[in-house]
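# No sequence on hand, only this structure:
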């Protein structure tokens, strides 16, 4: 009986993954065909195989592909990190923002433009480094403050401390950003609104190892996530070292989100809605819905960025704005449909 | 189990190494493709010597000599300008670029020159230029501003030979001359600067005739957030105190930067004989200025009592480029010819 139940669920998960993969490929193809330079789909196809016009291959290989690659990776990272955070904290409202990661990343960015503007080096990597460091710093502070010597990391405390620390960092960020001149502020605000920042191959290559290592790691721990989701007492009863696993998984989720956010900007909503959509599609077992959540995040981010850079071209709108504008109603629809 | 943990730890360390190694490699790359990029931005003049011109604001790129050759050979070469100020300088030399970035504030060509840029392709704003639009234009030569785009010079060179000018160093005269040298239009640049200097002398005399030979002046700017006194540095300092040869009010000469934020209470300390006012765009900047005028302290100022308060057209005065500054002189001419 139990076997059959799980079997049908994993069938559902495989189907969802297959469908999402097809959708993702379609979206990526549309993304490759989107841009100011007019290229017919046939030309894009020829260019992909090396027979296209010279400017077409520059547009495709230097501008569109790295950007899409970054959005693909960051989408997977945010979707997976959101699912892990919700599982570990046993809170359906948790997302990378709840640990103050976006606030930390934003703080890193504002600190960079306020004090380290003149630093020598490529901006394409300096900004991700600063936002990444900002996110990690705030995560470490939150972890340290919510660690109880006897009971380990407590989910509820984690969330409350996260909110408090986030408020503090946001205040400092706000104060610093008020002192910026208009141009610098406009630049920072664009980033904060989730404009895909990483557009070069180097950004994609810097992001790839994080995703390639941490996503499989998290997936290999999906059974632990299932157990943690039932509650600390029972998990301990089942012989799981709750605190150690919780810290390891949280650290993985933090690293995933910080790496993704540092390349793609503060796109908060994806980490929240992807796991919910995934759970509706593939059920509550982490082994099933973790990959679906990653794929969902990727489809959302790639779609949002493609829409963002095509609708009001040449003045692109940040992908984060598109995610919020299109994702929120869709999310509400999903919630309301399942209520009845 | 232990073994697994070590594997993860090692891979984490590896990732950090990759990230930092990428950073170093990229920086040495940019250093290699434009050897003078970093030195140029720190302001040393001799680094440009390897380029076609010895102008201190010209930053040599690996393709700048080729770009010069194209421009000298073909006066109608298609030019893409990735700086609104370079666009203005090109226009001052009688060259219309085929495409240009737009102003970050207005998200369009600057109102001053918009009518002269009809049919010109738009590339978005300089901080985030639409590379595909530049690519689609198929330009013969690209002009970039070292300050904003210097680090991406290799990307532009992929599209066309690229000339980089450091708009953060030197004066607008240097920028105009540098563009002219690259484009082979030194004479036009000289003519423009001569006519500017003549105009500045004439307008300066006009102003001093009105305010008195030794009158001390200050320029304030009301923005949505704050009240600023414009300092000795660009955009307003050079034209006010060098070109128009006016005297800075007490304390202004100490502001060795673009501006300083002040509170209304210290306005009397400057003891200015005349006050020039720039009001930023937007209703808040205007209402802040109205509030300032309603303050009794304002009515007590020497300049206000004598009726020597002048509203300047910020679009021109704050546009530190050949065309912007030239139009600023026209603005002053208008203000003081009337009285």
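Nice, thanks for sending it over. It should be emphasised that the depicted structure is a prediction, and the values quoted were computed from it without experimental measurement.

# Provide a list of residues in contact with the one residue sitting closest to the centre of chain A.
Closest to where the C-alpha atoms of chain A average out (C-alpha atoms, centre = their mean) is residue A:78, at 1.9 Å. By C-beta atoms under 8 Å, 6 or more residues apart in numbering or on different chains, the contact list for residue A:78 reads A:96, A:256, A:257, A:260, A:261, A:264, A:267, A:270, A:271, A:274, A:297, A:301. Using the backbone N, CA and C atoms, a C-beta is placed for each residue, glycine as well.

# Selection in PyMOL covering whichever of those residues are buried, please.
Here is the PyMOL command that selects only those of the contacts of residue A:78 that count as buried (16 or more other C-beta atoms under 10 Å in any protein chain shown):
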select buried, chain A and resi 96+256+257+260+261+264+267+270+271+274+297+301
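
# isn't residue B:234 right up against residue B:320?
Yes: contact criterion C-beta atoms under 8 Å: residue B:234 and residue B:320 qualify, at 4.8 Å.

# what do those two both touch?
residue B:172.

# of the two, who's got more company?
residue B:320 (21 against 17; other C-beta atoms under 10 Å in any protein chain shown).

# Give me the distance between the two termini of stretch A:51-66.
Using C-alpha to C-alpha, to the nearest Å, the end-to-end distance of stretch A:51-66 comes to 20 Å.

# And the helices in the stretch 151-300 of chain B?
In the stretch 151-300 of chain B, the helices defined using DSSP state H, counting those that start in this stretch lie at B:153-159, B:172-183, B:186-211, B:236-237, B:267-270, B:283-294, B:296-299.

# now those helices as a markdown table including mean pLDDT, distance to residue A:38 and mean neighbour count?
A markdown table is the format used below for those (pLDDT from 0 to 100; distance: least, C-beta to C-beta, whole Å; neighbours: other C-beta atoms under 10 Å in any protein chain shown):
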| stretch | mean pLDDT | distance to residue A:38 | mean neighbour count |
| --- | --- | --- | --- |
| helix B:153-159 | 90 | 16 | 20 |
| helix B:172-183 | 93 | 30 | 25 |
| helix B:186-211 | 94 | 36 | 16 |
| helix B:236-237 | 92 | 44 | 24 |
| helix B:267-270 | 93 | 56 | 17 |
| helix B:283-294 | 92 | 41 | 14 |
| helix B:296-299 | 92 | 57 | 12 |
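
# For chain A, find the nearest of these.
helix B:153-159 (5.8 Å; C-beta to the nearest C-beta).

# Mind putting the contacts of residue A:78 into TSV with secondary structure and distance to chain B?
Formatted as TSV, the contacts of residue A:78 follow (DSSP: H, G, I helix; E, B strand; the rest coil; distance: C-beta to the nearest C-beta, whole Å):
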residue	secondary structure	distance to chain B
A:96	helix	18
A:256	helix	11
A:257	helix	15
A:260	helix	14
A:261	helix	15
A:264	helix	15
A:267	coil	17
A:270	helix	22
A:271	helix	21
A:274	helix	23
A:297	helix	20
A:301	helix	18
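
# possible to save the contacts of residue A:78 as CSV with distance to residue B:102?
Output for those, formatted as CSV (distance: C-beta to C-beta, whole Å):
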residue, distance to residue B:102
A:96, 35
A:256, 37
A:257, 35
A:260, 31
A:261, 29
A:264, 25
A:267, 26
A:270, 31
A:271, 34
A:274, 36
A:297, 34
A:301, 28
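
# low-confidence ranges in chain B?
Under the criterion pLDDT under 70, the flagged ranges of chain B are B:1-54, B:338-339.

# Would you point out which residue of the stretch 151-300 of chain A is nearest chain B?
With C-beta to the nearest C-beta, the shortest gap between the stretch 151-300 of chain A and chain B falls at residue A:209, namely 4.5 Å.

# what's the offset of the helix or strand hosting that residue from the middle of its chain?
Using DSSP states H and E, residue A:209 falls within helix A:201-220. Between the centre of helix A:201-220 and the centre of its chain there are 12 Å (C-alpha atoms, centre = their mean, to the nearest Å).

# got the buried residues for the helix or strand just after that helix?
For helix A:201-220, the succeeding helix or strand toward the C-terminus, using DSSP H and E, is helix A:222-230. Neighbour-count burial for helix A:222-230 flags A:222, A:224, A:225, A:227, A:228, A:229 (criterion: 16+ other C-beta under 10 Å).

# In contact with residue A:95, which residues?
A:82, A:85, A:86, A:268, A:269, A:271, A:272.

# low-scoring pLDDT stretches of the stretch 101-250 of chain A, where are they?
Residues of the stretch 101-250 of chain A meeting the criterion pLDDT under 70: A:117-124, A:183.

# what about the strands in it?
Ranges of strands within the stretch 101-250 of chain A are A:147-148, A:152-153, based on DSSP state E, counting those that start in this stretch.

# Using TSV, lay out the ones you listed together with distance to residue A:51 and mean neighbour count.
What follows is those, written out as TSV (distance: least, C-beta to C-beta, whole Å; neighbours: other C-beta atoms under 10 Å in any protein chain shown):
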stretch	distance to residue A:51	mean neighbour count
strand A:147-148	59	13
strand A:152-153	56	18
